[in-house]
Structure formats: C-alpha cells, structure tokens
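*Asks:* Here is my input, please return the structure:
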Amino acid sequence: MLRNNDMEVFTRSFRGEEDDEEALKWAALERLPTYSRMRKGMLTSAEGQAREIDIKSLGILERKALLDRLVKIAEEDNEKFLLKLKDRIDRVGLELPTVEVRFEHLNVEAEVYIGSRALPTIFNFFVNMLEGFLNYLHILPSRKITLPILRDVSGIIQPQRMTLLLGPPSSGKTTLLLALAGKLGKDLKFLGRVTYNGHGMEEFVPQRTSAYISQHDLHIGEMTVRETLTFAARCQGVGQRYEILAELLRREKAANIKPDPDIDIYMKAAALEGLETSIVTDYVIKILGLEVCADTIVGDEMLRGISGGQKKRLTTGEMLVGPARALFMDEISTGLDSSTTFQIVLGGFIISRDNVPKWWLWGYWISPLMYGQNAIAVNEFLGKSWRHVAPNSSEQLGVLVLKSRGIFPQADWYWIGVGALIGYIFLFNFLFTLALQYLSPFGKPQTVLSKEALTERNANRAGEFIELSSRGKSFPEQRAEDQRSLSSRSLSTRVGGIDEAYQNGKRGMVLPFEPLSIAFDEIRYAVDMPQEMKTQAPEVDSLTRTMFIEEVIELVELTSLREALVGLPNVSGLSTEQRKRLTIAVELVANPSIIFMDEPTSGLDARAAAIVMRTVRNTVDTGRTVVCTIHQPSIDIFDTFDELLLLKVGGEQIYAGPLGGHSSHLIKYFEEINGVPKIRDGYNPATWMLEVTSITQETALGVNFTDVYKNSELYRRNKALIRELSTPPLGSKELFFPTHYSQSFFEQCIACLWKQQCSYWRNPSYNAVRLLFTTIIALLFGMIFWDLGSKRTKQQDLFNAMGSMYTAVVYIGVQNGTSVQPVVATERTVFYRERAAGMYSALPYAIGQVVIELPYIFLQTVIYGVIVYAMMAFEWTVSKFLWYLFFMYFTLLYFTLYGMMTVALTPNHHIGSIVSSAFYAIWNLFSGFIVPQTRIPIWWRWYYWACPVAWTLYGLFASQYGDVKDLLESGETVEDFVRNYFGFRNDFLGVVAAVIVGIPVLFGFIFALSIKAFNFQKK
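*Replies:* Take a look at the predicted model:
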C-alpha cells in the first residue's frame, strides 16, 4: 500500500514532469522567428494539458473556454484581466501609444430659420430654395439667423483618463464631441483649433485615431448582434496592435520572460488581421453583457429583436472592437438599465440618333444605354440570318435595319460597347465611393425655434431676464428641461412628497371618467356611469375637447414642445424620452380609466427615465390606474410605484401586494422567508428582490417562491379582494360600448385625412422633391422631343412620339411607385400602434392614405402635361389635351397605388420594392412599345390586355394619332398605320378610359384589404 507521503511525492513528481514538458514546448516556441512566434501559442485544455496551436485555427469552443478562464464574470474579472494585460506590457518597459486632445477657442455657429419658416413644409422648401439661389447671386440677403452653439470653449482631454461632459439639453454637448472627433457637419461655421498630440486635424485622418459613438442606435435589423460586431471589427482592422505585439515579444525574449499563456494567446489573436471572427468581438460581447442576445437579430420597428438598452450597448461595442485610441461617447448611459438611378432616356432606343436635337447629342454619347444597345444590335443584325441583300437595295438587310434606327452598322461597335460598359462600371463605382466619402445625407434634424425663444436665449447669455407670453408659443427645449429638472429635483427624495400630494388632492381633468378595478380570476368590468356623463351627451364639443387636449399636454409636460415636429426616431425631431411622453399623451386623450404601459423607460438614461416616470405619476394623480412593466428599475423609479406584481421565469406569480414606503412591505415579506439574505443598507430593493428570487437562489435555498406565496396570508387577502371586486356593486351596469370605435366611420375618415394632410405638407423630401423632379424631367423631355408632335411624315416620327409617351409613363410612373413605398412603410408602423389602441379602423386609414395622394398627383400631372404638351407641339385641341391629362393622371395614380399596395402585401418596403420591380419589368415588356400588340404571340396576348402600361399607351397614342388622316411617306394614313402596326383604334377610347380608371381603383382596394388583413409587425 502507498503511504500518504509517498503519494505526495508521486504527485509532485508527476506535476514536475508536466511543468518540464510545458517548459520545453515553450522554449521551442521561443526559438521561432518573431513572425512565426506571433502566430503560435500554448493553449491549456480542460484537462490541464498544454499544447501548441496555430492562432488562426482557434475554434469557437476554444475561444469561449479561453475567455471563460480570463473573464469568468465580467463585473468581477474584467478589471483583473485588464491589469494582467497592463502588467505584461509594463514588465518589459513598453509604453503604449496615447492621444492627448486639445481644443482651443472653439466657436460653432449655425444659420437657421426661426418660427414658421423653420417648418419643413412644401411651401418653405421652394421658398428657401429660391431664396438660397438669390442669396448666392447676392441679389437678396439671407433671412437666416445666426445661432451660437459653442462659444470660446477650450480644454484638454488627457490620455488614459475618463472625462465626463455634462450640460443640460441644447447646451452643445453633441456638437463639442463631433468637433473633437472631426465629424462636425460642413453646414456649421467652425472657428478654433483641435489637435491630437499637437497635430491639427488636417495633418492626419481623425477617424483612424478616434471614434465617435452616437446617441442614436442605427443598425441593420436583419443582422445578429455577433454579425454586427464582427463586421465592425473586420472593417476597422487591428490598428497598431500587430506592431506593438511584435515589439513586446522581442523584448520578452531578450529578457527571458515567460508570459501567461492565456494572455499571450488573447493578445496574439487580437493582433492578427484576416481572422473571420476576432476574439476581441467575443470579449466585447461578454463585457457588455450581450451574450444572452449574441445570436439574436438586432431588429427594427417591424421586426422583434433586442431591447433598446442592448442596442445602445451594441452601438458602443461597434467602436470598442476597433483600434481607436480616443472614444467620444454621446449619451453613453442611455438605455443601460430609394433612391433611383437617373438615365439619359436617349440611348437611341426611345428616339433615333438622327432625331436627337443637336444640343442634346452630348447626352447620346455619354449614355451607357447607347453603348449597350449598339453592341447588342450590331451583334444580332450583322449575323448570318440578316446578311441577305434586300430587294431594290445593294446593302444587307441587317445593315438597313441598323441604319433605319440610327444605329452604327460597323462591327467594331460590339467591342466599343463592351469596353464602354466595363469603363462605366468602374466609373460609377468610383463616383459611388466619392459620394459616400464626401457627401452628407439628404436632410438633417431640425427644431422649431420661435423669435421669442431666440430673444430669450440671447438675453440669458447677456444676463438679462425677459418674461414671455406663453400661450401658443414654442419655448426652447433647454429652458423647459431646466424647469423640469428644478421641479423634479431628485426622485430619491420624492416618495413622501408624492404620497402627500396624493393625499392632499388629485389633479382634476375636464372630462370625467370612472376609476376601474381589475379582477384577475375573471376579467369582468362593472362600472356605474359617472353622473357627469349622465347629465351631458356622450358627444364632446370642440371647445371642451381642446381644453382637454391642453390639459393632457400640460400633464405630460410637453407644453414647451407643442409646436415641435415629431420627426423620425433616431433621425430628427423629438428625443426618445419626449417620444415616450408623447405616446403616453396619445393614449391619455382617449380618456381611459386604466392604462397599460410596456417598458415606458426602456432605452432611456436616468434623467429621461425620471421625466417619463414623473409623467406616469402625474397620470396616476388624476385618479387613473397605471400598470407598467420594467426590466430592472432604479431605486428612484421603483419608489414611484404603489403596488407590485412579481413574476418569475415560467410566468408564475411570487408576489402581489403593496410596496410600502421605501419598499418596506416588499422587503419585510421576502426577509421573513427562511434563508433569504437581508438587504444591505442603501441597496436597490428591485435589484435585491430579483437576486434573491432567481432560479439559482431557489435551488440553493431549496425554496419554491410560488408555493411560499400561495401559502401566505398575502395570497389569501388578495383572493378575498378578487372575490369582492369580481362582484358588481348594486345599481351598476355592464360596461358596454355601442360601437367598436368611439368615432363614426365618417369622423374617422376625416381625422385620418387631416393627419395625412399634415404629414404630407410637412414632408418636402417626398412631395416637394417629386414635384421638382417632375418639372425637371418635363423640361428635359420637352427639349429632347422638341416639336415632335407636329412631325407626321415618316413612320419613325410616330415611333419617336410613341417612345416619348412610353418613356414618360415608365420613368415618372416607376419613380412614383418607388418613392411612395418608404413613406407608406413608415406610416404603416404608426398605423399598427394606433389601430391597436382602438383609434380607428383600417379602412379610414387606407382611404386617407389614398385620398391625400390625389391632389399631389393632379398637380404633378398638370405640371408635366402642360410643359411637355406645349414643348412637344402636340395638336392643340381641347379634347386631345384633356385626354392627355386624363390618361397621365390615372397612370401616375395607379403606379403610386401599386407601390402602396406592394408595401401593404409585404413585410417592409425593401421586399415591396423587389416585388414591384419584377412586375415593372414584365409591364415594360408587354407595354406594346417594345413588341406591339399585333406582333405578340397569340398565347401571350392575354397578358398584354392585363398590363396596365399597355392600356395607358393605347389611350395616349390613340387619343393623339388614332383619328389623324395625314399621309405618311409610305402612302398610308397615320390612322391606318396606328391601327395596323399597333392595333390602336380611336373609337375604342371609351373602353380604355374605363379600364384606366378601374386599375387604380383595384390597386387601392387591394391596398385597403391588405392593410386590414395583414399585420407584419413581429413585436
């Protein structure tokens, strides 16, 4: 038998052999050249065996095991890990590169419009554009006001330090960060100097040294968290990590220092380029607490994904995986609890080269389509089947065809076309790269600043005080936030104040309502109609409605922002916290008795969350009942609530009852359970509660908190209360509403149309741009097809006229159908929420969305029709002109409604654009221009008659040329040629008109039906 001391000797001997073997392996590794040594490491297996590995072949499981050894628990081990990295570098006397950022006398100013001129309406769009042009010519002075954002700001950002930038909203924090990171907008006036280690911004590329982390979280919704970070890491590279590690290894070898094997592998894996997945990505995922959602898609407004707080951490992680030495983080704490391609339409296919006006021939020569068409045509018509000589001619048939269409008949044009197209591919990619590098995105966030607000802002800087009349004015956001901050002070001292205010008296509202209770056994509502409602009619007059809206605006503290535009999330308009309060207000104007709020503080920082919760508390103080879900509230927010309903994993209830002052009742309940640790002084009760009731704690204590609750006196009191509340009091009536919606169908339609009118009028990027685009295209087409309508001597003249109509229909029509899709997609997201809230049904929304397009399309038609009809010199008769406008109007209408319909039928406008583009190609093919109806195979003609564009071209061309008796050079009349070649008859116009009206009606009906039937919001 082995004695204990013999066993110890044996164990020490065995371990010694292992250590010797590892030392030999490490010595062999040290003898390798630096290049090879940087790609090799000693990895310890789960059994404790060390083996040499190639860093590039490090697998997923090996990386995970390595990180688990280095950073087992991020909150506890990350600092130790970082100290190990620092210690390894310090042992050899290596200094890491650092950055000192100095900024001296920074002044940033913006030129802005104030008051109503700042609103992005269609009128302001055109007026501002005209004014800007006249100002550029020094004819008219600018009406913009200079708004100072930063004034004479100086300071130093020291290396290896964390600097906190504080200030109230609108104090210029974001602008300062952007200036320091070298990302300030070009439309801002900038004075001063920013240096990195003494070097000015013009001497290097700031983006390679620093990183600006935006407060807005913009990501690709379809990518997972891991994929997003991996992509960011591969784009940013490893910076100087490789050179630093190479020097570190050389110094360690010279000093005979053996590093920690795990630290060594980590640093080598982090420094090597070309790895598909970086270990830094895994590390960042771990320390940011994103492991639980690493393989979850990010999501967007239509697709369920990660939470708002996780998105904020993901935004931070995108920069942390890179090699930047200076990080400028904007609102870093927040959330931690189609375009179209322009064509030159004459590529020689729509209008022959011989008929292109001389002043537009340059457009012919720069058109990629011209080279493509010439190459394809030459390749076909110079082939064997086209080489026979035509009767009464000395040239081959193929050459005659090419010449008749103005196409070059030389065989060299095939290779000229191929070379030109390849050249255009490189040119367009080069221009695309330049545009991404130097051009800013169209549009920018803008707020509404009143004249009074600007006066007050300037007076405050001068130390003066001005009292403003407030009714109907837009106060600056900064003053409003300051007032709210002063009024709220600190939420941590407000529990007693809230209770006292609640006892002294609740806030009154113009419209009466009855507080309701919910019984969870059987959810039945029983309410006695308030006396005020019995004495007055259910209808609310406009004055009372206005007064109630004013009260709601004041209640949610949005008075200072009453004239501000909502804008788009994370792009423009209201902040996240202000949108939360607006969402609450939207529900409050429906005058509910009970409000359910899902994550009202999600994605907000402490200040914003405090403002939102104060709004919620104000709502409760009016006598309403509010039920909220919150992930893990702070002490201040937790103290805001009166009652708590606590669930554990699996949906089982483990507490339901009052919180008590400073959560005293909750703490008392759980501390009385045997084995539950007492809460520490000053510790967050919400955090403590979640910790002690976790599954791990249940297992450790051998307790089932569900059973504990069901056996408690609290549970029995709750059951008795449920039975009491489930019994309607004497004299009460069943809660009954005669209609599903509070307003009639007509009122819903009027309300939805009014909302759409406001939205469209203040959306110049859509409506003003398409009107401007239509005007430019009309002038362009008018010059290209100048005087074309008066030419009726040759067949080619008619082909050119048909080409002009075909081009206008396809070009402007597709533009309409494409541009409306993102607009409808955005509107639909809002519709889902408002319909779920019971505001209106699907049909009024669809009617409003369709009807609002009618006047804009009519204006678009008149602009295009008048310009083109006059410049192309079509026959000036009332009937022909009205027919032209009629067919163009309904054509643009059905293209627009088709774009809307495809969005309604698909999950998002990206898929909708793909679906619609497929049908555009088919419509183009069967339109009757590329292949006329008389030459389409008979088994495909059914699709010609089902093609909307075919009916449009039929109506346009037959109404202009279907009754013309002029003779062509061929001897036949224009009317006969139109009938024989295209199959168009003037006496069929009535049927064509009826069909062209029916097509948009059909698309509009399908749009409305799809909106009603489909809900693609997976949230």
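
*Asks:* what's the burial count for the nearest residue to residue 653 once chain neighbours are set aside?
*Replies:* Closest residue to residue 653 in three dimensions, ignoring its sequence neighbours and counting by CB to CB, 6 or more residues apart in numbering: residue 647, at 5.9 Å. (Glycine included, C-beta is placed from N, CA and C.) Using other CB atoms under 10 Å, residue 647 has 14 neighbouring residues.

*Asks:* Give the helix, strand or coil label for residue 647.
*Replies:* Classification of residue 647 using DSSP: H, G, I helix; E, B strand; the rest coil returns strand.

*Asks:* quick one: average pLDDT of stretch 575-584?
*Replies:* On average, the pLDDT along stretch 575-584 is 80.

*Asks:* If we go by neighbour counts, what in that stretch is buried?
*Replies:* By 16 or more other CB atoms under 10 Å, the buried positions in stretch 575-584 come out as 575-584.

*Asks:* Then stretch 748-759?
*Replies:* By neighbour count on 16+ other CB under 10 Å, the buried set for stretch 748-759 is 748-749, 751-753, 755-756, 759.

*Asks:* How far away from the center of its chain is it?
*Replies:* In terms of CA atoms, centre = their mean, to the nearest Å, the centre of stretch 748-759 is found 24 Å from the chain centre.

*Asks:* Tell me which residues are up against it.
*Replies:* 741, 743, 827, 840-841, 844-845, 847-849, 851-852 (CB atoms under 8 Å, 6 or more residues apart in numbering).

*Asks:* Any idea how many residues pack against residue 940?
*Replies:* Neighbour tally, residue 940, other CB under 10 Å: 11.

*Asks:* gap between it and residue 926?
*Replies:* To residue 926, residue 940 is 7 Å away according to CB to CB, to the nearest Å.

*Asks:* Residue 400 and residue 391 touch, don't they?
*Replies:* No. Residue 400 is beyond contact range of residue 391, at 11.0 Å (criterion: CB atoms under 8 Å).

*Asks:* who has more neighbours, these two?
*Replies:* Between residue 400 and residue 391, residue 400 has the larger neighbour count (other CB under 10 Å), namely 16 against 5.

*Asks:* circling back to that earlier point, taking the buried residues of stretch 748-759 one by one, which sit in helices?
*Replies:* Judged by DSSP state H, helices contain the following of the buried residues of stretch 748-759: 748-749, 751-753, 755-756, 759.

*Asks:* so where does the spatially most central residue of the chain fall, helix or strand?
*Replies:* Nearest to the mean C-alpha position of the chain, counting by CA atoms, centre = their mean, stands residue 218 at 6.3 Å. Using DSSP states H and E, residue 218 falls within no helix or strand.

*Asks:* and residue 596, backbone torsions?
*Replies:* Dihedral pair for residue 596: phi -110, psi 120, per degrees, to the nearest 10.

*Asks:* Can you name the residues bridging to it?
*Replies:* residue 627 (DSSP bridges).

*Asks:* Pretty sure it sits against residue 627.
*Replies:* Yes. Applying CB under 8 Å, one finds residue 596 in contact with residue 627, separated by 5.0 Å.

*Asks:* Who's the closest spatial neighbour of residue 64, skipping the chain neighbours?
*Replies:* residue 282 (7.1 Å).

*Asks:* can you tell me the helix or strand for the one you found?
*Replies:* Secondary structure from DSSP H and E places residue 282 in helix 279-287.

*Asks:* in whichever helix or strand comes after that helix, what's buried?
*Replies:* Counting by DSSP H and E, the next helix or strand C-terminal to helix 279-287 is helix 308-320. For helix 308-320, a neighbour-count test (16+ other CB under 10 Å) marks 308-320 as buried.

*Asks:* How about stretch 265-281?
*Replies:* Neighbour counts over stretch 265-281 (16+ other CB under 10 Å) mark 265-272, 275, 277-281 as buried.

*Asks:* Point out the other helices and strands that the longest helix along the chain packs with.
*Replies:* In the chain, ranked by residue count with DSSP H as the criterion, the top helix is helix 795-836. Counting contacts by 3 or more CB pairs under 8 Å, 6 or more residues apart in numbering; DSSP states H and E, helix 795-836 is packed against helix 767-784, helix 842-851, helix 853-871, helix 878-905, helix 909-925, helix 948-961, helix 974-977.

*Asks:* Now with 6 Å, please.
*Replies:* The contact analysis (3 or more CB pairs under 6 Å, 6 or more residues apart in numbering; DSSP states H and E) places helix 795-836 against helix 878-905, helix 909-925, helix 948-961.

*Asks:* Filter the buried residues of stretch 265-281 down to the ones in helices?
*Replies:* When DSSP H defines the helices, the subset of the buried residues of stretch 265-281 inside them is 265-271, 279-281.

*Asks:* so which strand or helix has residue 433?
*Replies:* Secondary structure assignment for residue 433, by DSSP H and E: helix 413-438.

*Asks:* Just checking the distance from that helix to the centre of its chain.
*Replies:* Centroid displacement of helix 413-438 relative to its chain, using CA atoms, centre = their mean, is 30 Å.

*Asks:* Buried residues, it. List them.
*Replies:* Buried positions in helix 413-438, judged by neighbour count with 16+ other CB under 10 Å: 413-414, 417, 420.

*Asks:* Same question for stretch 279-290.
*Replies:* 279-288, 290.

*Asks:* and it, average pLDDT?
*Replies:* The pLDDT scores in stretch 279-290 average 82.

*Asks:* Same question for stretch 380-387.
*Replies:* 81.

*Asks:* Just the residues contacting it, thanks.
*Replies:* For stretch 380-387, the surrounding residues in contact (CB atoms under 6 Å, 6 or more residues apart in numbering) are 396-398, 401-402, 411.

*Asks:* Now with 10 Å, please.
*Replies:* 396-403, 405, 407, 409-411, 413-414 (CB atoms under 10 Å, 6 or more residues apart in numbering).

*Asks:* Out of the residues you listed, which is nearest to residue 37?
*Replies:* Comparing the contacts of stretch 380-387 against residue 37 with CB to CB places residue 414 closest, at 56.7 Å.

*Asks:* Test my guess that the closest one contacts residue 377.
*Replies:* Yes. The criterion here is CB atoms under 10 Å, and residue 414 meets it with residue 377 at 9.3 Å.

*Asks:* ok so, going back, what is the nearest of the contacts of stretch 380-387 to residue 64?
*Replies:* Of all these, residue 414 has the smallest distance to residue 64: 57.3 Å, by CB to CB.

*Asks:* Please tell me how far that closest one sits from residue 132.
*Replies:* Distance, residue 414 to residue 132, by CB to CB: 47 Å.

*Asks:* Pretty sure residue 176 sits against residue 188.
*Replies:* No. If you go by CB under 10 Å, residue 176 and residue 188 don't touch, sitting 11.9 Å apart.

*Asks:* joint contacts of the two?
*Replies:* Counting by CB under 10 Å, 6+ apart, the residues touching both residue 176 and residue 188 are 108, 149-150.

*Asks:* Find the least confident helix or strand in the protein, judged by mean pLDDT.
*Replies:* In the chain, the helix or strand scored least confidently by mean pLDDT, DSSP states H and E is helix 477-488, which has a mean of 34.
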